[in-house]
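Asks: Give me a model of this one.
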Amino acid sequence: MELRHLEHFVAVAEQKHFTRAAEAMSISQSGLSASIRALERELRASLFVRNTRSVELTEAGRALLCEGRRTLAAAEAAKDAVAAVQGLLRGHLTVGLEQCLGVVDVPALLAKFRSAYPGVEIEVRQAGSTPMLDELASGRLDVAFVATAGDPVDGLDLRPLSRESMVLVCAPDHRLAKASGVTLDDLAGESFVDFDPTWGARAISDRAFTTAGVAHPVTIEVNDVHTLLALVAHDLGVALVPERIAAKRGDHVTVSLAPGTASDWQVSVAVPTGSAASLAADALIGMLPTTAGHA
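Replies: Now for the predicted structure:
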């Protein structure tokens, strides 16, 4: 099985379209189709269901996709290992980042890395922490800056950068604005503004309310910190957020939670465990400041 056939297969699987995949791989569509047919002949299985608008993976294709990504990642790691022995760091580094973590100045870090290793192509993807952990495990990301409750994740090494408490934010004239040590029971009947379910802070809030058996109706869902704080300040709902987010400028009020109410919000840099970690990712992590600061 040739690696280029696997690369072409993964491209079609991700693009769900032969023309777009061919453009992404900088080859002709006929060449790409021939490569997929050769792979299907070798495996004696159809990998795609084709129609006029898009392509979908067959059961055999879905089985190959995960292992194909792992194989390609391992091949890149092997190339990097040889390059490292020769004193060169080359290849590709794919970085995941949940927005508004504020612990590390990631753009400055990436600029420093590019200056030190100009032979490495850098790709950055911004998303929620939950899907990024999955992409790390599948080999689609090399390293990710994520926010979680700090729980272990199989196959991944989460290296903590900071840890802080969750707090309540509400409008200045809200009934709990002057309270202290608020519990989740105190929030029964409230409407909530919150982030997308894939964000680390949202996952912590959801789990806390589920564990406490208290309803957590999210009536407004946003993907922006400043919008959340503005909505809260106008009394359109309350929210549980990390202290770092609550400290941002706005007309909201911050109220402490009672101890043990919710898990802490932990920002970590995450990589696959063992030999699956790339040399480029290790080099990037080695450039992190010993004391994380605000972005």
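
Asks: contacts, neighbours, all on C-alpha from now
Replies: Noted.

Asks: Can you name every helix or strand that the lengthiest helix in the chain contacts?
Replies: Counting residues, the longest helix in the chain under DSSP state H turns out to be helix 59-85. Judged by 3 or more C-alpha pairs under 8 Å, 6 or more residues apart in numbering; DSSP states H and E, the packing partners of helix 59-85 are helix 3-15, strand 91-97, helix 129-138, helix 279-286.

Asks: which other residues reach the next helix or strand after the second one?
Replies: So that's strand 91-97. Counting by DSSP states H and E, the next helix or strand C-terminal to strand 91-97 is helix 106-116. Taking contacts as C-alpha atoms under 8 Å, 6 or more residues apart in numbering, the residues outside helix 106-116 that touch it are V120, I122, A283, L284, M287, L288, A295.

Asks: Just the buried subset of these, please.
Replies: V120, I122, L284 (16 or more other C-alpha atoms under 10 Å).

Asks: what's the spacing between the longest helix of the chain and its chain's center?
Replies: In terms of C-alpha atoms, centre = their mean, to the nearest Å, the centre of helix 59-85 is found 20 Å from the chain centre.

Asks: Tell me the buried residues in it?
Replies: 61, 64-65, 68-74, 76-77, 80-81.

Asks: before we move on, what about stretch 163-179?
Replies: For stretch 163-179, using 16+ other C-alpha under 10 Å, the buried residues are R163, S165, M166, V167, L168, V169, C170, A171, P172, H174, L176, A177.

Asks: gap between it and the chain center?
Replies: 28 Å.

Asks: Quick check: end-to-end length of that stretch?
Replies: 24 Å (C-alpha to C-alpha, to the nearest Å).

Asks: Which residue ranges make up the domains of this structure?
Replies: As assigned by the TED database, the chain contains the domains 3-66, 89-162+266-287, 166-263.

Asks: With mean pLDDT added, can I get those in CSV?
Replies: Shown next, in CSV, are these (pLDDT from 0 to 100):
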stretch, mean pLDDT
domain 3-66, 90
domain 89-162+266-287, 91
domain 166-263, 96
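
Asks: Name the nearest residue to the most centrally placed residue in the chain, ignoring sequence neighbours.
Replies: With distances taken as C-alpha atoms, centre = their mean, M132 lies nearest the centre of the chain, 2.8 Å away. Ranked by C-alpha to C-alpha, 6 or more residues apart in numbering and with sequence neighbours excluded, the top spatial neighbour of M132 is G96, at 6.4 Å.

Asks: How many residues are close by the one you found?
Replies: By other C-alpha atoms under 10 Å, the residues close to G96 number 27.

Asks: show me the residues around it that make contact.
Replies: With C-alpha under 8 Å, 6+ apart, G96 has these contacts: V124, R125, Q126, A127, M132, L141, V143, A144, F145, V146.

Asks: Identify the farthest-apart pair in the buried residues of stretch 163-179.
Replies: Among the buried residues of stretch 163-179, the pair separated by the greatest distance (C-alpha to C-alpha) is R163 and H174, at 27.9 Å.

Asks: what kind of secondary structure is the residue lying closest to I285 once chain neighbours are set aside in?
Replies: Nearest non-adjacent residue to I285, counting by C-alpha to C-alpha, 6+ apart: V269, 7.9 Å away. Assigned with DSSP: H, G, I helix; E, B strand; the rest coil, V269 falls in the strand class.

Asks: Report how many residues lie close to V269.
Replies: V269: 19 neighbours (other C-alpha under 10 Å).

Asks: how close does it get to V124?
Replies: From V269 across to V124, the span is 14 Å (C-alpha to C-alpha).

Asks: how about the nearest residue to S54 once chain neighbours are set aside, phi and psi?
Replies: Among residues not flanking S54 along the chain, H17 sits closest, at 5.1 Å (C-alpha to C-alpha, 6+ apart). Note on H17: its backbone torsions stand at phi -170, psi 130 [degrees, to the nearest 10].

Asks: Do you have the helices of the stretch 151-295 of the chain handy? List them.
Replies: For the stretch 151-295 of the chain, the helices defined by DSSP state H, counting those that start in this stretch cover 200-212, 225-233, 243-246, 279-286.
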